[in-house]
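K.L.:
With the sequence up front, the predicted model follows.
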Amino acid sequence: MNLTVLWNLLVTGILRGGLYALMAGGLALLFGVMNICNFAHGELFVVGAYVAYFAYVTFGLPPLLAILIAAGASFLVGALLEKSLILPLRRRSKGEWIMNTFLLTSGLSVVMQNTAQRVWGVRYRGITQYWAGTIRITPTMSVAVDRAVAFLIAVVGITGFWLFLRRTNVGRAIRAVSQNETGAMLVGIDLDNIQTLTFALGSMLAGLGGASMLSLIPAYPFAGGKPNITSWFVVTVVGLGNVGGSIVGGFIVGLVESFAFFYLGSGWQDVFSLGVIILILLVKPSGLFGSEVKGVLER
Amino acid sequence: MTDVTQSNQTDSSPTRSIWPAVWRWLQDSPIQPVAWPLLAILLLLPVVFRDAYLHRLLAASLLFGAQAMVFDFTGGYINAVNFGFAAFVGLGAYTSGLLAVNAGISPWIGMPAGALAAGLVGFITGALTLRLRGVYVSIMAWFVGLALMAVTYAMVGLTRGAQGINVPYLLETPDTLPYYYILLGMTVVIYVVLRLVIHSRVGLAFKAIGQNFEAARASGVDPTRYKLINFTLSCACAGLLGGFYAHFVGVLTPGMMVTDNTIEVMALSYIGGTGTLLGGLVTAFLITPLFDYLKGLMEIRLIIYGMLLILTMILYPAGLDGLFQWLVGRIKGRQKQG
Amino acid sequence: MLEVSQLQASYGPLQVIWGVSLHVEQGEFVALIGPNGAGKTTTLRAIMGLVKPLSGTIAFNGQTLNGLKANQITRKGISFVTEDLDLFDGMTVHDNLILGGFSLHDRAQVEGTLESVYDLFPILAERHRQLAGTLSGGERKMLAIGRGLMLSPSLILVDEPSLGLAPKLVLAVFEALKQLHERGSTILLVEQNVYTTLHMTNRAYVLENGQVVMEGPSSDLLRNEHLQRTYISMGAAGEGGFPAPADGGGPAL
């Protein structure tokens, strides 16, 4: 393999890794804090992509602003979904909560996909790039500015999210809820608010991914399928609910995928991924970095 | 039947007493009492309405309904939602179809072979995940399903990939009615087998202890083993129905394994009411013709399924069966008053 | 300050509180004692809104607390140190304490209280960067009490702080509570360790089978014959508190 090919594979892998880290981080947050398996996570990616497209192309806003608006919109959609669907489900359901969230959100995913199809058709709404130009490193190795900035946005998003969780009072409150709900209530944290906020945040991360990757993955009703599958793959591999692990895992999976695609082709790459996950579940069912805090085995 | 004669002798008013005894026998048998009138209706419907279009609708409804029933066997009884269900159906379909196309093997052997293949993959999936928390089974089955679909797309030499393959029909006749009765027969057999498992000593014990693993250990029931039997059997039945589908429709594409199809079957079973087996079956007969008559609805079919699923989860977890039981309760209450 | 009247509540499907009335006044150190299963913990949980009362009223500074959620009651200025402590095990001691002041918006006040908590429990200051899950039993109790203090509460409810601690550590925890009271805190303490508790507190209620069977100044109760016979002699002799009551008591809590 020559250096150029290797370089390109690395660039693609890391860029995709950034996207997966964003999405998987959000997905893991939802499980860690709320015990929610969100199957509609990919649909929030699509929300981000559509909003960014309309803001950037239809309204001609500057790229960065369009992406920010898209992230904000996904945040709002997430909050709305939590208040209108998840909260009533929580009030209603006894036991089997995790499975119920999985079923509810899979219904939601189908509704959102097909509604988008009815409203906007199956047409691809993509852009060639937000930012023109390439950064040349050596005569044969280069990166498109657009890709580099998209990656930067992902990194900033992840870092900001991480700092928010670690350094702010509200971030601490989110982690507190994930560790001990009674304790959280007893220091005055409102569980309902934190849960809405958490869902909105997770949605925002997915939306940010959709918006910043618009040049790579155009907006269309079923654009969320692949990112959804992959972020689920990441959180299962590292262990459900592990936010930090999911971020690292996102990058690893991005790289592995990029190389597997090169060597195996698109069809067999999925088969390869499955083999990996079977092996991991055989050896360590809680996932690579899984903690037993939430309990993986049936009790 | 011995129950009936005994109670006849002991009871003072034999003309009226036979019904409670029959009722009791029906309640005690593995077959749900509702199944009998339902079977009669399904047998008679195509005879009463002699219309080719209607026969096709009935067959389509039954195919969906049987899948919903098989799905509910795991979803409703061991709370393991098989999220790769459509792929297991597809595995059965492709196994039987490819055997017929490439080796000239009769569909009558191909269909059980499809069941075997799906059951085997189901066994492996279950063995890896059923000791974990419920949702792991779903995720794993989903990944297995995605991989099966990917393999089917990728093995172009064998499956012709996205182009799909043409499969010989099960019967010579273009008439749908014989297919319908064959499928009905298969559905009845599957139903009885599933009920026997549910009604077995281990099945009843499992139901009693539920997911309480402390109680399970104390009572000597191995929940994981029961769940594995259940899951494997359900996957095998899915494969069998897939085999039928292959030789009924005659065309197979990998797209049949897509997750949306699983969600459709899942929605049917949850709307019908989980843990009932027949709820999803009845729902299929209500919803499938509705979509077919109203072509406009067909296009937003998945939106409706999804919404109904969401509404069922939030508002009325008992599903249509809950509604039915409530109605029965009301009517019985009336009778007692009157 | 706190006024509970005719409280009835259940623990799971079993009713364990049958008409409990009690009150705590500003600056008091009040004990709620009684055998295992008498309903002491359920009483506290009902006050905090963690258990929904079947009937009866709970008022704090004249405002009714019935129907409020635990986080709202906390914001009224009541801290609850539970039996299980309910710490955030994956977070540092410092973060646990800071979260204790979550509902306060005055950062300077939180910083100030943090200093006084470290002053009261120097060991916490020493371990402020350690994860709560890695602390010893005694340190965890102190962290839980410290976290409760971060709210600058007007009333602190403490549930069985002596539970599972070695005698020396029990004394340390009690010493801390005594200091707290001397610094002006109002405390409602649930304990099984009757002898020490009565020596420390102003007043006490004795709860048996979900009802208050005795109440009064702690010094009077120390001399009470019934208590002397059933609990205190035992408590003075050994570590322990209550033997099982004659009728077998209520359900174990």
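P.N.:
It's in.

K.L.:
quick one: the strands in the chain?
P.N.:
With no chain named, the answer covers chain A. With DSSP state E as the definition, chain A shows strands at residue ranges A:134-136, A:142-144.

K.L.:
That was the other one, I meant chain C.
P.N.:
C:2-11, C:14-24, C:29-33, C:55-60, C:63-64, C:78-81, C:155-159, C:187-191, C:203-208, C:211-217.

K.L.:
before we move on, back to that, of all the strands of chain A, which one is nearest chain C?
P.N.:
strand A:142-144 (37.9 Å; C-beta to the nearest C-beta). Yep, even glycine has a C-beta here, placed from its N, CA and C like the rest.

K.L.:
Any buried residues in the closest one, and which?
P.N.:
The neighbour-count check on strand A:142-144 (16 or more other C-beta atoms under 10 Å in any protein chain shown) flags A:142, A:143, A:144 as buried.

K.L.:
got it, and stretch A:140-152?
P.N.:
A:142, A:143, A:144, A:146, A:147, A:148, A:149, A:150, A:151.

K.L.:
and residue A:55, how many neighbours does it have?
P.N.:
If you count neighbours by other C-beta atoms under 10 Å in any protein chain shown, residue A:55 ends up with 21.

K.L.:
same thing with the one 3 residues further on?
P.N.:
Counted with other C-beta under 10 Å, the neighbours of residue A:58 add up to 10.

K.L.:
so what's whatever residue of chain A ends up closest to chain B up against?
P.N.:
Relative to chain B, the nearest point of chain A is residue A:267 (2.8 Å; C-beta to the nearest C-beta). By C-beta atoms under 8 Å, 6 or more residues apart in numbering or on different chains, residue A:267 lies in contact with B:150, B:151, B:153, B:154.

K.L.:
For the third one, give me phi and psi.
P.N.:
Backbone dihedrals for residue B:153, given as degrees, to the nearest 10, come out at phi -70, psi -40.

K.L.:
Please verify my assumption that it contacts residue B:162.
P.N.:
Yes: in this structure, residue B:153 is within contact of residue B:162 by C-beta atoms under 8 Å, at 6.1 Å.

K.L.:
What ranges does the stretch 51-200 of chain B have for its helices?
P.N.:
B:52-75, B:85-103, B:107-129, B:134-154, B:156-159, B:177-199 (DSSP state H, counting those that start in this stretch).

K.L.:
Mean neighbour count, the ones you listed: which tops it?
P.N.:
helix B:85-103 (a mean of 27; mean count of other C-beta atoms under 10 Å in any protein chain shown).

K.L.:
elements contacting that one?
P.N.:
helix B:52-75, helix B:107-129, helix B:134-154, helix B:156-159, strand B:165-166, helix B:223-249, strand B:251-252, helix B:259-272 (3 or more C-beta pairs under 8 Å, 6 or more residues apart in numbering or on different chains; DSSP states H and E).

K.L.:
Residue B:301 contacts residue B:291, doesn't it?
P.N.:
Yes: Residue B:301 is in contact with residue B:291 according to C-beta under 8 Å; the separation is 5.4 Å.

K.L.:
Mind telling me the two of the buried residues of stretch A:140-152 farthest from one another?
P.N.:
A:142 and A:150 (15.4 Å; C-beta to C-beta).

K.L.:
State the distance from the closest residue in space to residue B:55 that isn't next to it in sequence to chain A.
P.N.:
Excluding the flanking residues, the one nearest residue B:55 by C-beta to C-beta, 6 or more residues apart in numbering or on different chains is residue B:176, at 4.4 Å. Separation of residue B:176 from chain A (C-beta to the nearest C-beta, to the nearest Å) stands at 29 Å.

K.L.:
Next up, the contacts around residue B:176.
P.N.:
Contacts of residue B:176 (C-beta under 8 Å, 6+ apart): B:52, B:55, B:56, B:59.

K.L.:
thought the second one was touching residue B:183?
P.N.:
It refers to residue B:55. No: look at residue B:55 against residue B:183 with C-beta under 8 Å: they stay out of range, at 11.4 Å.

K.L.:
so which of the contacts of residue A:267 are also by chain A?
P.N.:
By C-beta under 8 Å from any C-beta of the partner chain, the members of the contacts of residue A:267 lying near chain A are B:150, B:151, B:153, B:154.

K.L.:
These: which two are farthest apart?
P.N.:
Longest span within the ones next to chain A among the contacts of residue A:267, C-beta to C-beta: B:151 and B:153, 7.3 Å.

K.L.:
ok, back up a step: dump the buried residues of stretch A:140-152 into CSV; add pLDDT and distance to chain B as well.
P.N.:
Formatted as CSV, these follow (pLDDT from 0 to 100; distance: C-beta to the nearest C-beta, whole Å):
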residue, pLDDT, distance to chain B
A:142, 83, 32
A:143, 86, 30
A:144, 87, 29
A:146, 88, 30
A:147, 87, 27
A:148, 89, 31
A:149, 91, 32
A:150, 89, 26
A:151, 89, 27
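
K.L.:
How far off centre is stretch A:146-158?
P.N.:
14 Å (C-alpha atoms, centre = their mean, to the nearest Å).

K.L.:
Next, see if stretch C:158-174 gets close to chain A.
P.N.:
No: Stretch C:158-174 stays clear of chain A (C-beta under 8 Å from any C-beta), getting no nearer than 11.2 Å.

K.L.:
contacts for that stretch?
P.N.:
The contact list for stretch C:158-174, computed with C-beta under 8 Å, 6+ apart, reads C:40-41, C:44, C:80-83, C:137-138, C:141-142, C:145, C:148, C:177, C:187-193, C:196, C:200, C:239.

K.L.:
do the same with stretch C:186-193
P.N.:
By C-beta under 8 Å, 6+ apart, stretch C:186-193 touches C:1-2, C:24-36, C:40-41, C:43-44, C:154-163, C:170, C:177, C:180-181, C:197, C:201, C:235, C:239-242.

K.L.:
hey, which helix is longest across the chain?
P.N.:
No chain specified, so I'll use chain A. Ranked by residue count under DSSP state H, the longest helix found in chain A is helix A:3-34.

K.L.:
Sorry, I should have been clearer: chain C.
P.N.:
Assigned via DSSP H, chain C shows its longest helix as helix C:167-182.

K.L.:
angle of that one against strand C:29-33?
P.N.:
Orientation note: helix C:167-182 sits at an angle of 140 degrees relative to strand C:29-33 (axes from the mean of the first three to the mean of the last three C-alpha atoms, to 10 degrees).

K.L.:
Please name the bridge partners of residue C:157.
P.N.:
residue C:80, residue C:188 (DSSP bridges).

K.L.:
so how many other residues sit close to it?
P.N.:
24.

K.L.:
now the one 5 residues further on
P.N.:
Using other C-beta under 10 Å, residue C:162 is surrounded by 21 other residues.

K.L.:
Also the one 5 residues further on?
P.N.:
In terms of burial, residue C:167 registers 11 neighbours under the definition other C-beta under 10 Å.

K.L.:
what does the one 10 residues further on give?
P.N.:
By other C-beta under 10 Å, the residues close to residue C:177 number 22.

K.L.:
Quick check: the gap between it and residue A:202.
P.N.:
42 Å (C-beta to C-beta, to the nearest Å).

K.L.:
now swap in residue A:155 and tell me
P.N.:
Distance from residue A:155 to residue A:202, by C-beta to C-beta: 18 Å.

K.L.:
So between the two, which is more surrounded?
P.N.:
Set side by side, residue A:155 and residue A:202 show more neighbours around residue A:202, with 31 against 14, by other C-beta under 10 Å.

K.L.:
The more buried one contacts residue A:24, doesn't it?
P.N.:
No: using C-beta under 8 Å, residue A:202 makes no contact with residue A:24, being 10.3 Å away.

K.L.:
can you list residues touching both of these two?
P.N.:
By C-beta under 8 Å, 6+ apart, no residue touches both residue A:202 and residue A:24.
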